[in-house]
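> Here is my input, please return the structure:
(chains A and B)
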Amino acid sequence: MYIEIRTLSEKFGKFFLTATLLLSFTLAHSQDENVEPAAEETTEETASEGGGSDELIQVGVTVYEENCTQCHRFNSVVVGPALKDAHTRWSSKEELLHFIQYPQKVIDGGENAHAKELYDQYKQYMPNHDFLSDNELEGLYAFIVAESTNPFHEVEKAEETLASADGSGTGGAGTGVSEEFLMVIIVILIVILLSIIVALTLLMGLMKRFVDSRDDISEEEREYISPGFNLVAMLRSKPFVNTVVLLFVLFALKSGIDGLYSVGIQQGYAPTQPINFSHKLHAGMYEIECQYCHTGVTKSKNANIPSANICMNCHNSVKVASPEIQKIYAAVEKNRPIEWVRVHNLPDLAYFNHSQHVAVGELECQTCHGPVEEMEVIQQYSPLTMGWCVNCHRETLVKAEGNEYYDKLMEFHDGENAGMTVEDIGGLECSKCHY
Amino acid sequence: MKEGKKVYWQGLEQLNQDPEFLKYADKEFPEYLPVKEQKNGQPEDSNVDLGTDRRDFLKLMGFSVAAASLAACEAPVRKAIPYLNKPTDVDPGVANYYASTYSQDGDYCSVLVKTREGRPIFIKGNKMSDVTQGSINSRVIASVLDLYNKDRLTGPKTKGQDSDWKTVDAEINQKISSITNSGGKIALVSKSVTSPSTLNLISEIQEQYPGVEHIQYDVNSNYGIRKGNEMSFGVGFVPAYDFSKAKTIVSINADFLGSWVSPIEYSRQYAQGRKVGKSKKKMSRHFQLESLFTMTGASADYRSKIRPSEEGDVVKALYNMLAAKTGGASVSGGDGSYNYLDQAADELLRSKGKSLVVCGSNDPNVQTLVNGINYMLENYGQTIDPSKGNTSRQGDDRRMVDFANGLSSGEYKGVVFLNCNPVYDHPLGGKIKEGIKKALLSISTAMVSDETAVEVQYNCPSHHFLESWNDSMPRKGSYSLAQPTINPLFNTRQAEESLLRFAGRDDSYYDYVRNYWKENVYNAETAEKSFDLFWDRCLHDGVHEVETPSEEGFDMVPVLISESMGTAASGISAEGQGMELVIYESHNIGSGEMANNPWLQETPDPISKVCWDNYISISVPDAKEQGINQDDLLTLTASGKSVTLPALIQPGQTAGVLGVAYGYGRTNSGKVGDGIGANVYPMAGSDGYVNYSITKGVSLAKATGTRKLAQTQTHHTYMGRDFVIQETTLNEYKKDAWAGRSFPKISTYDGKTAPKNISLWKGHKYPNHHWGMVVDLNSCTGCSACIVSCNSENNIPVVGRDEVINRREMHWLRVDRYYSSDSDHWQGGEVPSDNPEVVFQPMMCQQCNNAPCETVCPVAATTHSTEGLNQMAYNRCIGTRYCANNCPYKVRRFNWFKYHDNRQFPDNLGMNNDLGKMVLNPDVTVRSRGVMEKCTFCVQRVQEGKLTAKKEGRKVKDGEITTACAEACPTEALVFGDMNDPKSRISEVLSSENKERAFHALEAIRVAPNVSYLTKVRNKEKSNQA
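This is a model prediction of the structure:
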C-alpha cells in the first residue's frame, strides 16, 4: 500500500522539478533577448552620428582612448583640462594640433598665451605626442568637435555610467527581466508548493485513518504504519552508532584533506597595504591601463609594482592634499621606498614570467588576477596552484598566428583539429616552470 | 687503436688497482660515510655506530610535528618593495650587461658583467676585445663572488680603529707634506699597473712630490723577459705573442695556457692552431720540456722531462742546434741531450717564421738566448710582435728588492701599498713587514685586512673592480675601460681616488679617466665627431683600438745585439744539487690574492684534481725510493725555510724535482682562505730576479702523520666500461677520419649489430628545438673555467674540503683527466706513470634521449622534454637516488645537506649570509636537502632565449642561447645549439663530423646522449712513441 504512496509523491516531485527547470530556462532566454537589441542600438548610434567624417571620428575615438584618457576626461578636469570645447579655446586648429604634438616647446616658446595659461593652471607639461600621424591628429580634432557639439557619444556614455556607478546606482533599470515579473513567478511557485504540502498531509492522514480502521493487518504491519518511537534505544542501536562514527570519520577525513590541500594557498588573500590604493578607482573608474603602472608586464618576468615616480606623474597635481597621497610624498622626502605587502606569492620553486603570458600569449590581466577594476583592496583572485596553472595550459590555444617562432610547431601540429594548445607544445613539461 | 690497445687510468690508485680504490669504484655513493653532523669540521670516525638513538628520534619527531603545524599557519607576510625612482635602464627581472675590465695580478680580461636589479651576478668574456677575444679564466669568473665578501673592510681605519675619510685624509696629507718637505722618500708600491690613467696620475703626483717613487712588482714576474729584451735588443719590453700563427711551438717550462704572461689570450690563440675538421686536417705541433706536469704539458704532442737546473742548458742546446744548421755562431754549454729536442729543432727550422719558442725562466740570460733562437727562426714580426708590448706584467724585480732593503734600513719614510700585499706574496715579505714599522707613514688600500694591511697605520680600503671606474692598456694600442656595475657596498674609496686625495686634489677619478681619454685616446679625425659619442661607444664596447706610432726599439723586427748571446750564455749558472724545487702558480688560486674565494678553492687543479689544499708533488720513482705514500706529511726545507705539507704522487713529474704551489698559507685573507696549505713565497730566490726554481739546498724529510687530500678524480668511475675516450694521431686521422674511433657491436639473435639499431625505447619527437652540445676533446685544455662559470650561473653550493673527501662535491660539470699509456708499457717495459699522455674530458649531464635515470624515478621527477632536455624537477624529487645509481656517466649530484643558511657550511659564502646571497642567480632555484640535481643545459637560458624570440615574433637565432660552460670556454671546445636548426654551428659541426670524429661516450649502452665528443687528435708521428 505504502509503495503506491511513494510513487505518487515521486511523480509529483519530478513534475515539480521539471516545471522549475523549464521556468528558469525561459527566464534565462528572455534575459538574452533583452540584451541584444540594446547592443545593436549603441552601434547604430555611433555610426549615425558625426555626419560625413565618420571614419575620421572613429580614428579620433581610438586615439583618444589610447592616448588621452590617462590624463583627460571629456567633461571633467583630471590631470589635465576637460577636452570639451577645446577647439574653441585655441585660436586655430593648427595651433591646437601643434600644441598636442609639442606642448613643452609651445609653452616654453612663450608666444602662445593660452598655452602659458594652461601651464600656470596645471603646473606640468603634457608629454610630446609627435608620434601621432596627421590623420590621427585630424581624427582627434574631428572627435573633439563632434563630441563637443553633439555630446552623446559612446565615450561620454561610459563616463556617465561610471559616474552613476560611483553614486547610488539607480540608473540600472530597464535591463533584463523586470523585477515585478520575477516576484510574481516566485509568489506563484510558493503558493503551489504550499498547496501541495497541504494536500499531501491531508492525503496521508486520510490514508492512515483508513488503514487503521481495517482489522486484517498484523501487529507488525501496524507497527510499521505508526511506529512506536524509542529514542534511547535508537541512539544506542549499533547501526546508528556506526553510522554516526562513520560520518564523523568521513567528515574529519574530508576536512583534514581539504585543510592539507589548502596549506599555502592564499586565494582571497587581501592584506592591508601601507597606502589605501584603490584599483577600483584607478583601473575601474579612470580606466588607466594596467601597463601604465605595471611597466614590466610585457618585457619582464615581474609585472613591477610601480615606483613612486610613476605615481607622481599624476599625483604631483591630483589630490595632493589627501593623507594617502601624502604618504607617497613622505616616502620620496625620506628617500625610503614604500613597502607594499606582496599579495601574489608564488613559491620559489616555480618560475613565472609575465611577459610570456601577456606579450606572447596575449592574455588579459583579468584572466588570472580577476576583476581587478572592481577591487577596492587588491586580493588574490586565483588559487595559483599548480593544478590551476596546468589546467589553463591544457585548455588555452597558443597565439601562434603571425609569430614566426611558432611556424615549425604549427607545421608539426597541422591537421590536428581544434588548434594547438599550450600542452601540445610542451607546456606541461617540468622544466617550463621548474629550474 | 689497431695495434696494442691504450690503457686509460684516472689516477695511480687505479693504475695500481689500489684496494681502497677498488672498494669504492663500483659504488655510486659511499654508504659508509656519516650523514650525521660533523663536529669541529672533522669527519667522525666511520667505525662509530651512527644509528639514531631514541632521543634523537623523539627530538626529530617533535620538531617535525611543530614544523608541520607551523607550516599550516598563515604564510609569512612578504614585502614587495619597488624602486622609489626607477632608473630608466633597469627593469626588475631583466638582466643588463655592462662591459668592464678585469686587471689584477697580471691577468687582463675584457669582460661583460651581467647585472640583475643592479647586482652583478655573472661575468663572461667580451668578444669585442681584440686582445682576449671573449676568452676568460676561472679567476675572472669567480671574481664576482669577491665583491660580496663579508670580510671586506667597510671603511677607513687608523691603526686598526675605525675612522672616517676626512680625518684620514687630513692626517695623511699632513704627513706626506712633512716627509717630502724634509726631503724624505715615499714609496708607492703596486703590482703592475696597466691603467694609463693611473700611471699618468702617479707621474703627476711624482711631479708634485719629487720624493715619491713608484715601484711595481709581479708575483708571477716577467722581469726576465723584459730584461732579456733589453740585453738583446736594447729596449725592455714584453712582446705580444701569437700562438695561432705558430706551426711549431716549443715551450721550455712555460705554462702558457695556465700562468705564463697572458694565458687568457694565449688559450684562444693556441686552440685556433689545434682545431681540426673536415676542411682543416692540419694542426700545430707542440713540444713541451718541463719539470712538473702542467696543463700546458698535458696538451703537448711531445713532452719531455727536464730538471729546473737544466733549463738554461736546454735553451743553449737548442740555440746551438739551430745555429749549427743556419750557420751561426754557437754559444758555450748546451751539452746535455734531451728527448725530442733534435726533432723540435728540425721542425722549428722547417717552419721558420711560423714557429715560436717560449721559456718560463725568469733569468734574463736565458730569455736573451730565447730571443736569439726566435731571431734565428725569423719569428719577429710574425709570431712575436714587439710593437704591441704587453703591459700586464712590467714589474721590476730588482727595484722591489731594493725597496725591501731600503724600507728595512729606514731609507723610505713613507710607504703606500696600492692594492698589493707584498708582506705575503714577495720573497722578502718578512723584511718588508719589519720595515713598515720604521716608516713614518704607511698606507694600504687593500680591500681586506690582508697580511700587509694589518701592519700599516692607515687602511684606505679600495672598491672592488666592479664598483670602480678605471681603464687599462694591456698591450700597446689596445685600450679598455672598466665601469662600475653596482653602487659601492661599503664606505670604501677607489685606490686611485685615494691617491687624488693624498695629492690634495678634489676631482673624482671618473673625471680623471674621462679627461685622460679626451686628451690622449680620443682622436677626432678617426673616431666619432664628438667626444661624448666616442666615450659612450667605448663604454658600451669596453674596448678601443688605436694605431700607435711605433717608438724606437718597438719595431716589428728589432735588431739583435749579437754579442749579447755570448754574454748571456756565460751568465747562466744554474747548477743542480740533489733535490730541486719548483714553486709554481696553481691554476685556480693564482697568486693567492683570491684565496678567500670558495669557488676557486673547490675547483680541482686541472692535473692533480686536488682542491682545497696545497701539497708537495713528488715523482713516482722518488716516492717509491723514499717510501712516501700519498697524503703522508712531509717537511720541505729550502732557502732556510721549512714547510710541512702532504705528499701528492704525480705521474709524469721529473724525478728529483719537487713542486709546491704558491698562493696558499694565507693568514689574513678571510675565513675561507686562511690556514689552507703553507706559504712558500719566502723560499723563492730574490737574488737579482725572483726565482721560483730552487736548484740547491732542498731537503725533504718525512713528518709524522698524514693529511688526506681532497682529490676528486677517482670519485666517479665508469665501472670498467670502455670507450669513454677515443683518440688518434694526426697522420692516422689524415688517412682515415674514423681513426681512433671504436664501433661497439651488440650481440643479438640475428647476429652482431650496432647499438643504435636496437632499443628498448620508442624514442622522442622533437618538433621544434633539439638542444645538443659538441665537445672537442682536441681543444679542451682542462682549464676548468667552465666549472666555475657553471657554479656561478647555477647556484651550485660549495661543500668544503671535508665533504669533498667524503665524495660529495656538487659540481654539475667536472673535467675528467685521464692518463694513458700503451698496453706494451703496461705489460712491462717502461713504467706507465713515467710520462703518460693526458686527455681532458668535460663531463656534464649527457641529456640522454634514452635516459636510464628517467625510467627508474618512482615519482617521475626526472622526465624528458620535447626539446631533448632531461628535466629535473627538484620539488618533486623524494631523494631515492635511484637515478644517480642508474646514470652511466655519474653526473647526478645529491644534496646530502642543506648547504644554504647553514652554519656548518661556512665555506659556502654565496649562500650563507645576506651579502653573499646577492651573487645568486635569481632565475635558478637554490636546491634543498634531500633532492637530486644535475646539469640542466642551463634551461633558464634556453627559456629566456626562446621567450625573447617569441616576443620579437621570430625564430631563435643560433648563438643567442648558449650554456654557461660553453660561454666560458677559452678555447671554444664546447659548442651548444639547436640540432634541429640546419644552419646552426652545432649542426654544421655535426654534419661534417658525424661520420668522422663525433662519438658518444659509452656508445655501447646506447643511451643516445645529446652530447657528442670529437676524438682527440695528437700531432705525433706515432702513437705514444718512447
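> Check the gap between the closest residue to chain B within the stretch 51-200 of chain A and residue A:104 for me.
Closest residue of the stretch 51-200 of chain A to chain B, CB to the nearest CB: residue A:127 (14.5 Å). (Glycine included, C-beta is placed from N, CA and C.) As for residue A:127, its distance to residue A:104 is 8 Å (criterion: CB to CB, to the nearest Å).
> shared neighbours of those two, which are they?
Residues within reach of residue A:127 and of residue A:104 at once, by CB atoms under 8 Å, 6 or more residues apart in numbering or on different chains: there are none.
> For the nearest residue to the residue of the stretch 51-200 of chain A closest to chain B once chain neighbours are set aside, grab phi and psi.
Once flanking residues are discounted, residue A:127 sits nearest to residue A:103: 7.5 Å by CB to CB, 6 or more residues apart in numbering or on different chains. Phi and psi for residue A:103, reported as degrees, to the nearest 10, are phi -60, psi -50.
> how far away is the residue nearest to the spatial centre of chain A from chain B?
The residue lying closest to the centre of chain A (CA atoms, centre = their mean) is residue A:371, at 3.1 Å. From residue A:371 across to chain B, the span is 21 Å (CB to the nearest CB, to the nearest Å).
> For chain A, what is the nearest residue in the stretch 251-400 of chain B?
Evaluated by CB to the nearest CB, the stretch 251-400 of chain B has residue B:278 as its residue closest to chain A, separated by 27.9 Å.
> got the contact list for that residue?
B:737, B:992, B:993, B:996.
> Residue B:683 too?
Residue B:683 touches B:427, B:581, B:583, B:638, B:639, B:641, B:643, B:660, B:694, counting by CB under 8 Å, 6+ apart.
> wouldn't the first one be in contact with residue B:688 here?
This points to residue B:427. No: between residue B:427 and residue B:688 there is no contact under CB atoms under 8 Å: 11.9 Å.
> Just want to know which of these two has more residues nearby.
residue B:427 (26 against 15; other CB atoms under 10 Å in any protein chain shown).
> Outline the domain layout of chain B.
Here the domain assignment for chain B is B:6-19+B:714-1018, B:154-182+B:209-213+B:412-460, B:224-385, B:585-711, based on automatic domain parsing.
> How about the backbone phi and psi for residue B:661?
phi -90, psi 140.
> Then residue B:508?
phi -80, psi 160.
> Count the residues that sit near it.
Residue B:508: 14 surrounding residues under other CB under 10 Å.
> ok, now how distant is it from chain A?
For residue B:508 relative to chain A (CB to the nearest CB), the value is 22 Å.
> list the contacts for residue 377?
Using chain A. A:270, A:272, A:273, A:276, A:278.
> Hmm, no, I was thinking of chain B.
Shown in contact with residue B:377 (CB under 8 Å, 6+ apart): B:322, B:348, B:349, B:352, B:353, B:355, B:357.
> distance of the second one from residue B:595?
It refers to residue B:348. Here residue B:348 is placed at a distance of 39 Å from residue B:595 (CB to CB).
> Next: residue A:268.
53 Å.
> Then residue B:493?
24 Å.
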